[in-house]
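Trainee: From the sequence below, what's the structure:
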Amino acid sequence: MDALLYTLGAFGLILILARLKLPLWAAIVCGAITIGVLFGLSIGLIAIEMLKSAIQPKSIALSVIVAVLIGVSEAMRASGQIENIVSLARAFLRRPAIAMAALPALIGLLPMPGGALFSAPMVESAKGDTKIGGDKLSAVNFWYRHIWEYWWPLYPGVILAVMITGGDFVSFILFQFPLTIIMAGAGLLILRKLHPDLHIAAPAAPRGTLRLLIRATSSIWVIVAVWVAVKVVLAFSLSHFIGGRNGGTGPLKSNPALVALDSYAPIALGLIVSLIWTIRMNRLDAMKVRRALINRRVIEMMVLVISVMMFEGMLECTDATVKIRDGLTQLNVPILVVLAILPFIAGLVTGLAVGFVGTSFPIVMGLIEAMDSGAVIWPYVMFAYFFGHMGQMVSPMHLCYILSNRYFGTTFARVYRYIIPSVIVASIGAMVYFIALKAIF
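Mentor: Numbering: from 1, shown residues only. As a prediction, this is how the structure comes out:
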């Protein structure tokens with residue numbers, strides 16, 4: 001039981017420090033140190049273990065991936081490519097009601113911090129002269145901006161979740177994708193009772209608009225295409241390599257180097273190719289390229305990723321999750337409730353997917369094993385990730401929420417009237433989905 005109290009105490013400290021405006025990376029480092037101290041490690045050993053976690057290959061790989069990812073988004077913004085996407089999509093979709101939801105979703109394919117600010121003008125333009133309150137507009141913009149964050153492989157939270165769970169992107173995506181459908185459906189509550197004028201189709205877009213839109217969004221599709229291609233090549237190559245080395249047997253997980261290659265190479269190569277494509281297509285000069293790749297946002301995110309790896313490393317060093325598992329098994333604690341509450345609170349306090357994944361998933365994975373050792377983990381991972389995402393969707397610390405409300409001149413309390421019912425409906429849908437998965441697997 002002590003292991004659970006120590007770990008939850010360190011976890012609570014992270015949330016409190018983040019709530020007190022300490023940088024999230026610093027709060028996580030403090031939590032990692034606290035874990036080590038409570039479990040009786042010396043300061044010297046704590047420092048060594050944290051350094052080892054920071055410089056391990058997967059930490060470096062994830063940091064580089066996140067840096068290039070942000071670079072692609074910044075390059076698109078600096079070149080005006082994002083604004084061009086907005087204009088073309090608005091013309092192509094025609095029906096204002098569809099555009100109000102679809103345009104934020106389109107921009108949501110780009111994991112930009114504060115990206116709701118880019119889609120806010122689209123939502124406002126889509127409504128035309130129809131009278132709609134800013135609170136509803138902000139809710140539509142904010143909600144549909146985040147429907148992909150459960151599985152889209154460009155999101156740092158998704159990448160981190162796959163890494164912590166030790167799984168692969170394909171399995172993660174297959175189990176998480178239905179959550180996007182659930183969330184999009186729950187968002188219809190926000191769109192209900194729109195003015196009839198918003199369902200009237202505008203004149204057809206000029207010929208060639210779709211072609212121009214596809215080209216304008218090519219930076220996104222390049223990433224996806226390269227990722228799929230590399231994944232297929234690796235699946236074929238690694239299966240033959242493993243078969244040849246082990247007589248047709250031997251799991252991929254038995255070779256750390258191959259695991260790293262399979263986990264990080266597809267997305268890394270996709271991002272690099274997309275960055276090169278974006279720079280060449282928009283003919284960015286050296287100054288804009290440098291600003292896109294080297295800026296404060298990139299550095300802050302890389303530091304945050306390293307801090308998360310330190311926290312995870314300290315949990316592994318102290319065998320915290322194993323001790324928690326043993327304690328909870330003896331006490332018959334309803335772990336499923338904990339799997340929902342921990343990520344939700346982390347998402348609520350941090351307002352970041354990387355935040356709730358990094359702080360709660362190392363604990364979550366130990367609890368999953370304690371609950372159903374040897375079973376398929378993905379239903380439980382889905383369950384925990386969903387509630388973490390719902391936590392950040394109602395978080396007043398969520399940058400997109402703040403910027404969207406500011407743009408539309410509304411407040412948190414007014415927007416909550418539309419967000420909370422959708423959160424409740426989506427939560428019910430996710431629980432039904434979880435029950436269905438458990439019945440199948």
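Trainee: ranges for the strands of the protein?
Mentor: Read by DSSP state E, the chain holds no strands at all.
Trainee: Can you pull the poorly scored residue ranges out of it?
Mentor: 1, 112-113, 193-194, 197, 199, 238-257, 259-260, 321-322, 324-333, 372-374 (pLDDT under 70).
Trainee: burial of the closest residue to Glu49 other than its chain neighbours, as a residue count?
Mentor: Setting aside the residues directly before and after it, Glu49 is nearest to Cys317 in space (C-beta to C-beta, 6 or more residues apart in numbering), at 4.6 Å. Heads up, the C-betas are built off the backbone N, CA and C, glycines and all. The tally of other residues near Cys317 (other C-beta atoms under 10 Å) stands at 20.
Trainee: give the contact list for Cys317.
Mentor: Gly36, Leu41, Glu49 (C-beta atoms under 8 Å, 6 or more residues apart in numbering).
Trainee: Surely the first one touches Ser53?
Mentor: No - under the contact definition of C-beta atoms under 8 Å, Gly36 does not touch Ser53, with a separation of 11.3 Å.
Trainee: Give me the common contacts of the two.
Mentor: Jointly contacting Gly36 and Ser53 under the rule C-beta under 8 Å, 6+ apart are Met314.
Trainee: all helices of the stretch 101-250 of the chain, in order?
Mentor: When secondary structure is read from DSSP state H, counting those that start in this stretch, the stretch 101-250 of the chain shows helices at 116-127, 134-145, 156-165, 169-186, 188-191, 209-216, 218-246.
Trainee: Tell me which residue is most central in this protein.
Mentor: Gly157 (3.3 Å; C-alpha atoms, centre = their mean).
Trainee: out of everything not next to it in sequence, what's closest to it?
Mentor: Ala353 (2.6 Å).
Trainee: any idea how far the one you found lies from Trp148?
Mentor: 11 Å (C-beta to C-beta, to the nearest Å).
Trainee: Next: Arg290.
Mentor: Shown here: Arg290 relative to Trp148, a distance of 29 Å by C-beta to C-beta.
Trainee: of all the contacts of Cys317, which comes closest to Val222?
Mentor: Ranked by distance to Val222 (C-beta to C-beta), the contacts of Cys317 are led by Glu49 at 39.0 Å.
Trainee: My guess is that closest one contacts Phe311. True?
Mentor: No - at 11.1 Å, Glu49 does not count as touching Phe311 under the criterion of C-beta under 8 Å.
Trainee: Which one of those two is surrounded by more residues?
Mentor: For Glu49 versus Phe311, neighbours defined as other C-beta under 10 Å are more numerous around Phe311 (26 against 19).
Trainee: how close does that one sit to Ile164?
Mentor: Counting by C-beta to C-beta, the gap from Phe311 to Ile164 is 10 Å.
Trainee: and if you look at Pro96?
Mentor: To Ile164, Pro96 is 41 Å away according to C-beta to C-beta.
Trainee: okay, these two: which has more neighbours?
Mentor: For Pro96 and Ile164, the more surrounded residue by other C-beta under 10 Å is Pro96, and the numbers stand at 23 against 20.
Trainee: okay but the more buried one is in contact with Lys127, surely?
Mentor: Yes - judged on C-beta under 8 Å, Pro96 makes contact with Lys127 at a distance of 5.9 Å.
Trainee: Overlap in contacts, those two.
Mentor: Taking C-beta under 8 Å, 6+ apart as the criterion, Pro96 and Lys127 both touch Leu198.
Trainee: Next, the contact list for Ala101, please.
Mentor: Contacts of Ala101 by C-beta under 8 Å, 6+ apart are Val140, Tyr144, Ala184, Gly187, Leu191.
Trainee: Thr411 now?
Mentor: Asp135, Asn405.
Trainee: ok, now with 6 Å
Mentor: With C-beta atoms under 6 Å, 6 or more residues apart in numbering as the criterion, no residue contacts Thr411.
Trainee: can you tell me how far it sits from Met100?
Mentor: Distance from Thr411 to Met100, counting by C-beta to C-beta: 20 Å.
Trainee: ok, back up a step: what do Glu49 and Phe311 both touch?
Mentor: Common neighbours of Glu49 and Phe311 are not found (criterion: C-beta under 6 Å, 6+ apart).
Trainee: and the end-to-end length of stretch 315-323?
Mentor: 10 Å (C-alpha to C-alpha, to the nearest Å).
Trainee: count of neighbours near the closest residue to Leu22 other than its chain neighbours?
Mentor: Take Leu22 and drop its neighbours on the chain: the residue closest to it by C-beta to C-beta, 6+ apart is Cys30, 7.7 Å away. Using other C-beta under 10 Å, Cys30 has 19 neighbouring residues.
Trainee: Quick check: the gap between Cys30 and Ile190.
Mentor: 38 Å.
Trainee: Could you do Met393 as well?
Mentor: Met393 is 12 Å from Ile190, by C-beta to C-beta.
Trainee: what do you get for Asp319?
Mentor: 45 Å.
Trainee: Looking only at neighbour counts, state which of the two leads.
Mentor: Neighbour totals were compared for Asp319 and Ile190, and Ile190 leads with 24 against 14 (other C-beta under 10 Å).
Trainee: so the more buried one touches Asn141, yeah?
Mentor: No - counting by C-beta atoms under 6 Å, Ile190 stays clear of Asn141, with 9.9 Å between them.
Trainee: coming back round to it: I'd like to know how many residues surround the residue nearest to Gly157.
Mentor: Ala353: 27 neighbours (other C-beta under 10 Å).
Trainee: what's the answer for Ile368, then?
Mentor: Residues within reach of Ile368, counting by other C-beta under 10 Å, total 25.
Trainee: Without its sequence neighbours, what residue ends up closest to it?
Mentor: Tyr380 is the one closest to Ile368 (C-beta to C-beta, 6+ apart), at 4.4 Å.
Trainee: for Trp227, same thing?
Mentor: For Trp227, ignoring the flanking residues on the chain, the nearest one in space by C-beta to C-beta, 6+ apart is Gly270 at 4.1 Å.
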